Structures are given as C-alpha cells and as structure tokens.
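Asker: Show me how the following folds:
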Amino acid sequence: MPTFSFSNNVSESIRAMEAESTFSSSRARGEKLVFVDLDDEPAKANVLREGKLVPSVVPEKSRVLEALGELSIVRPTRIPRVLNQNIEPGVRVAVGTSVDLVMAPRDDVTLDIFNDMHIATADLSIGQFVERIEKSNELVNLSLKYDKAAEVSATDKARISELLVENADIQVDDTVAGQGFEQAFNSVLVALAFK
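Answerer: Numbering: from 1, shown residues only. From the prediction side, this is the model:
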C-alpha cells in the first residue's frame, strides 16, 4: 500500500521514500518485520550488586570530561566472562527483568568445571588453554567449523589432533578414557567460547 508524505524539506522526503522502498522490498523478500518499542522515557537498568539495588547517579558532564581528560587509557588486564546466569541464554524476558550473572576472569576458572573435557586440560585455566590454542589460526578456524566432535570430518579430525599436540601439548588417544578426540574438541570449544 503506497504512503504519501508531504514535506517542504526535499532531503527529508527522499529519506522517507527510501525507507518505504527498503521496507517494501524487505517484506517482498519475506524478511521478518521487527517492531521496536519506543518509550517516552529512556530505558533504565536495574543493577543489583550483592542483592541490593545500585542507585543510579548522574555526574556533572563538564566535570566528568575534565576529570577524564587528565586520565590515561589503561586496558584492563583481567576482563571477566559470564559463567552462569539465572535465566537460560536466548530466553526472551520482559523489560525490567532482573538477570543475575556470575562472572569471573577466565584465568581464575579451570576447565574441569565443564563436563567431558580432555584430562590434560583439567588443571588448566581457561586463559592458559586459550593462549595455547590461539597460537594456531588453523586450529581455531578448523574447530569453529563444527558444533560437535561427531560432526568433524576424518581429515579435519586428524589435523586438529596434530595441531593440539603441536600448540597445546594435548595428546589425543581414543583408546584411553578422558583423552579421546571428543574430549579434546570439547576443551577447545569451551576455551574459544571464553576467548
């Protein structure tokens, strides 16, 4: 259905026509229409720390800029990663829902908290194992091609096993419990999730 827009501003009218054209062509291609909730008030995050609501404060902008201008930029050395949350990842929640996150730096978490890991990685922190495997782009790229060890082709399985020995000192032996390809591959995927 055509829409008509009247404006004295030519560039505004052109933008409106381009937007309508984009909207119509995306509907013709069968793309999903997404609605965005626009509220009069900006979204307000309810941040909880140790079970208590953290008050929202707004500093004086000019003072903040002045204070920040005197600081040097320092990259954090220990960036935390989400280990767990009270709502399953991917589940839609209503605006304002509180989500509890358990976070820790990857160097403080060992791989043994996950199921079915290679026995040689049990005492390694996620950070230590990431440092070993990220030396090889080939290992990272081959591993990310697959979601599960069972899906890995025989050729890639052999190559990933070789790269694990070369870069991470991980021996793969399907005849020994806890040292099979599946456990090694699971260890790599977990580490890459926290990279």
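Asker: Tell me which helix or strand in the chain has the weakest average pLDDT.
Answerer: Lowest by mean pLDDT, DSSP states H and E among the helices and strands of the chain is helix 10-28, with a mean of 50.
Asker: Can you give the distance from stretch 62-79 to the centre of its chain?
Answerer: 25 Å (Cα atoms, centre = their mean, to the nearest Å).
Asker: Identify all contacting residues around that stretch.
Answerer: For stretch 62-79, the external contacting residues (Cβ atoms under 8 Å, 6 or more residues apart in numbering) are Pro105, Arg106, Asp107. C-betas here are computed from N, CA, C, even on glycine.
Asker: quick check, nearest of those residues to Ala191?
Answerer: Arg106 (8.5 Å; Cβ to Cβ).
Asker: What pLDDT does the model give the spatially most central residue of the chain?
Answerer: The residue lying closest to the centre of the chain (Cα atoms, centre = their mean) is Ala193, at 7.4 Å. Per-residue pLDDT puts Ala193 at 88.
Asker: try Gly180
Answerer: Here the pLDDT value assigned to Gly180 is 94.
Asker: In contact with it, which residues?
Answerer: Contacts for Gly180 (Cβ under 8 Å, 6+ apart) come out as His118, Val172, Asp173, Asp174.
Asker: taking those one by one, which sit in strands?
Answerer: Per DSSP state E, strands hold no members of those.
Asker: From the residues you listed, pick the one nearest Val188.
Answerer: His118 (8.7 Å).
Asker: Thought Val190 was touching that closest one, still the case?
Answerer: No. Counting by Cβ atoms under 8 Å, His118 sits too far from Val190 to count as a contact (10.2 Å).
Asker: more neighbours, those two?
Answerer: Legend: neighbour count by other Cβ atoms under 10 Å for His118 and Val190, higher for His118 (25 against 20).
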